[in-house]
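Colleague: From the sequence below, what's the structure:
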Amino acid sequence: MALVRETQASKREENVGGVRGNRRGERRGGVDDAYSCSWERWLVVGMEQGCTIGELLELRPTARRMLNQAGFVWASEVMSLSAERLASRLGVGEDEAAVILHVLQRRRETGAYPTHDARRGRVVSLLDLWEAERQAERLAAQRGEPHITHIFTFVQGLDDALGGGLPLGETTEFCGPPGVGKSQFAFSFAVNARVPKVFGGLGAQVVFMDTEGSFVVERIVEIAEAMVRHIHRMANSGDPTSPRTSKMKTSAETFSVESILGGIHIFRVLDQVEQLALSITLDSFLSDHPDVRLIIVDSVAFHFRQGFSHAETARALAAFAQRMTNMAVERDLAVLYINQVTTRLSEADSDSYLVPALGDTWSHVAAQRVLLYWDHDLRFAKVVKSHSQPENHIQYLVTPAGIRGIPDS
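Modeller: Numbering: from 1, shown residues only. The predicted model follows:
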């Protein structure tokens with residue numbers, strides 16, 4: 001089976017900096033190489049021409065500090081030197097200096113800079129953001145693909161209530177009591193994100209943080225098998241003379257259970273320390289796997305509800321949430337938190353109601369929140385926090401094929 005199972009506990013020594021195979025504290029040429037065994041990958045993911053070293057936020061902090069300590073202020077100053085002179089200034093080998101110059105030159109020539117860097121602390125206008133969005137839509141149209149901004153749920157009412165599904169670039173929380181289907185939503189989203197773009201999916205990879213040990217491979221396989229059958233039915237039901245149908249059939253040929261599982265990366269998290277550590281090292285993993293567009297944490301509360309004092313929990317949660325939000329925004333990916341609930345008494349009438357676990361501070365973390373609940377023997381989802389959508393109550397089903405809406409009568 002191609003499903004990747006990354007056990008954080010067994011990878012402590014290998015996963016320093018988030019890249020397997022590196023040794024703790026390994027140094028090459030006087031420069032910390034903990035991020036990657038590839039100098040180019042360690043130095044930079046994206047570069048910008050005509051800015052200061054400090055503004056190159058894609059540059060690893062240790063690399064920026066090294067250049068600043070050597071007296072460089074502008075990126076253009078680095079490019080004005082030969083590899084020999086740069087190596088002398090930095091105290092590194094000439095080959096490492098040559099890589100820096102090569103990457104800077106290549107970035108300047110190609111203009112390869114992600115559109116989402118407008119969100120990374122630099123001052124931009126709304127027009128800049130609008131133009132970036134339009135450019136993304138134009139590029140998708142040129143490739144004959146839809147411009148996807150959400151991951152669908154297969155529950156039409158819930159997709160509508162969330163503005164299209166699970167949004168990219170944001171954090172979303174699904175919370176509810178035991179047995180209501182929280183993990184089933186997580187499993188379904190993991191498979192839905194793998195659907196090819198020509199069928200309205202992202203064709204993306206997924207990171208799944210399993211904190212409870214509740215990840216069931218057999219259940220994912222069951223959902224994946226149903227998805228493969230669905231995709232093949234769609235490919236074979238279109239107009240045979242349509243170019244889109246031809247693309248769908250081509251895509252369906254390589255869409256299989258194995259291809260779905262091969263793009264889902266599992267991290268088994270055993271305690272609070274591992275969960276916090278993974279939120280740090282995960283950024284490097286994402287640099288090595290740029291196709292990841294969904295991170296699932298199931299569940300976010302499990303380890304934080306035990307073993308910490310209140311103050312420690314607040315600090316740890318704040319750090320964890322900030323890192324996850326940064327990854328969502330900077331890499332334009334969706335973060336899905338699965339959370340437990342607790343009961344709270346209303347001060348007005350002493351009635352009880354369900355609230356997400358982890359307290360009031362955590363309640364402000366997610367950009368959107370969906371409360372799952374039982375009404376007699378029926379499952380419902382209620383959008384209780386959203387940018388613009390009103391509160392909605394949507395019935396859903398847990399089926400062998402995953403989460404589904406109520407069939408039209």
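
Colleague: can you give me the helices for the stretch 251-400 of the chain?
Modeller: In the stretch 251-400 of the chain, the helices defined using DSSP state H, counting those that start in this stretch lie at 257-262, 272-288, 310-331, 359-363.

Colleague: So which other helices or strands are in contact with the longest one?
Modeller: Read that as helix 310-331. Contact analysis of helix 310-331 by 3 or more CB pairs under 8 Å, 6 or more residues apart in numbering; DSSP states H and E lists strand 171-175, helix 272-288, strand 292-298, strand 334-339, helix 359-363 as its packing neighbours. From N, CA and C alone the C-beta is placed, and that goes for glycine too.

Colleague: What are the buried residues along the last one?
Modeller: What it means is helix 359-363. 362-363 (16 or more other CB atoms under 10 Å).

Colleague: hmm, back to that, can you tell me which of the helices of the stretch 251-400 of the chain the model trusts least?
Modeller: Lowest mean pLDDT within the helices of the stretch 251-400 of the chain: helix 359-363, at a mean of 77.

Colleague: and for that one, what are the contacting residues?
Modeller: With contact meaning CB atoms under 8 Å, 6 or more residues apart in numbering, helix 359-363 is reached by 314, 317-318, 321, 339, 355-356, 369.

Colleague: Spatially nearest residue to V78, not counting backbone neighbours?
Modeller: F72 (5.6 Å; CB to CB, 6 or more residues apart in numbering).

Colleague: For that neighbour, give its distance to A87.
Modeller: For F72, the distance to A87 equals 13 Å [CB to CB, to the nearest Å].

Colleague: buried ones in stretch 402-409?
Modeller: 402-405.

Colleague: From those residues, pick the one nearest L261.
Modeller: G402 (14.5 Å; CB to CB).

Colleague: so who does that closest one touch?
Modeller: 154, 184, 187-188, 191-192, 223, 226-227.

Colleague: 7 Å instead?
Modeller: 154, 184, 187-188, 191, 223, 226 (CB atoms under 7 Å, 6 or more residues apart in numbering).

Colleague: export these to JSON lines and tack on pLDDT?
Modeller: Converted to JSON lines, the contacts of G402 look like this (pLDDT from 0 to 100):
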{"residue": "F154", "pLDDT": "93"}
{"residue": "Q184", "pLDDT": "97"}
{"residue": "F187", "pLDDT": "98"}
{"residue": "S188", "pLDDT": "98"}
{"residue": "V191", "pLDDT": "98"}
{"residue": "I223", "pLDDT": "98"}
{"residue": "A226", "pLDDT": "97"}
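
Colleague: What segments of the stretch 101-250 of the chain are strands?
Modeller: With DSSP state E, counting those that start in this stretch as the criterion, the stretch 101-250 of the chain has strands at 150-151, 166-167, 171-175, 205-210.

Colleague: To V398, which of the ones you listed lies closest?
Modeller: strand 171-175 (13.1 Å).

Colleague: mind saving the C-alpha coords of the closest one as CSV?
Modeller: The C-alpha coordinates for strand 171-175 follow below in CSV (Å, rounded to 0.1, in the frame of the first residue of the first chain):
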residue,chain,number,x,y,z
THR,A,171,-8.3,27.3,9.2
THR,A,172,-11.7,25.6,9.7
GLU,A,173,-12.9,23.7,12.8
PHE,A,174,-15.3,20.7,12.9
CYS,A,175,-16.4,19.9,16.4
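
Colleague: tell me what it is packed against?
Modeller: helix 310-331, strand 334-339, strand 368-375 (3 or more CB pairs under 7 Å, 6 or more residues apart in numbering; DSSP states H and E).

Colleague: between that strand and strand 292-298, how big is the angle?
Modeller: Between strand 171-175 and strand 292-298, the angle comes out at 30 degrees (axes from the mean of the first three to the mean of the last three CA atoms, to 10 degrees).

Colleague: number of nearby residues for the residue nearest to D239 when sequence neighbours are not counted?
Modeller: In space, D239 comes closest to T245 once its chain neighbours are excluded; the distance is 5.5 Å by CB to CB, 6+ apart. Here the count is done by other CB atoms under 10 Å, and T245 has 17 residues near it.

Colleague: How about S76?
Modeller: Using other CB under 10 Å, S76 has 14 other residues around it.

Colleague: which of the residues in stretch 166-179 are buried?
Modeller: So stretch 166-179, judged by 16+ other CB under 10 Å, has buried residues 166-176.

Colleague: now for the residues you listed, which pair is the farthest apart?
Modeller: Spanning the widest gap among the buried residues of stretch 166-179 are G169 and G176, at 24.2 Å by CB to CB.

Colleague: coming back round to it: the contacts of G402 in helices, which ones?
Modeller: 184, 187-188, 191, 223, 226 (DSSP state H).

Colleague: Narrow these to those that are buried.
Modeller: 184, 187-188, 191, 223, 226.

Colleague: Below-threshold pLDDT in the protein: ranges please.
Modeller: The chain contains residues with pLDDT under 70 at 1-68, 73-75, 95-96, 99-100, 102-147, 306-310, 346-350, 387-389, 409.

Colleague: now do 80
Modeller: In the predicted model, the chain carries pLDDT under 80 at residues 1-80, 83, 87, 90-147, 305-314, 343-355, 359-361, 363, 387-392, 408-409.

Colleague: For stretch 245-263, buried residues please.
Modeller: So for stretch 245-263, counting by 16+ other CB under 10 Å, buried means 245, 247-249, 251-252, 255-257, 260-261, 263.

Colleague: and what of stretch 279-287?
Modeller: Those would be 279, 281-287, for stretch 279-287 by 16+ other CB under 10 Å.

Colleague: Contacts only, for G169.
Modeller: So G169 contacts 328-329, 332 (CB under 7 Å, 6+ apart).

Colleague: Distance to S299 and neighbour count for the residues you listed - can I get that in TSV?
Modeller: Shown next, in TSV, are the contacts of G169 (distance: CB to CB, whole Å; neighbours: other CB atoms under 10 Å):
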residue	distance to S299	neighbour count
A328	18	22
V329	22	18
D332	24	17
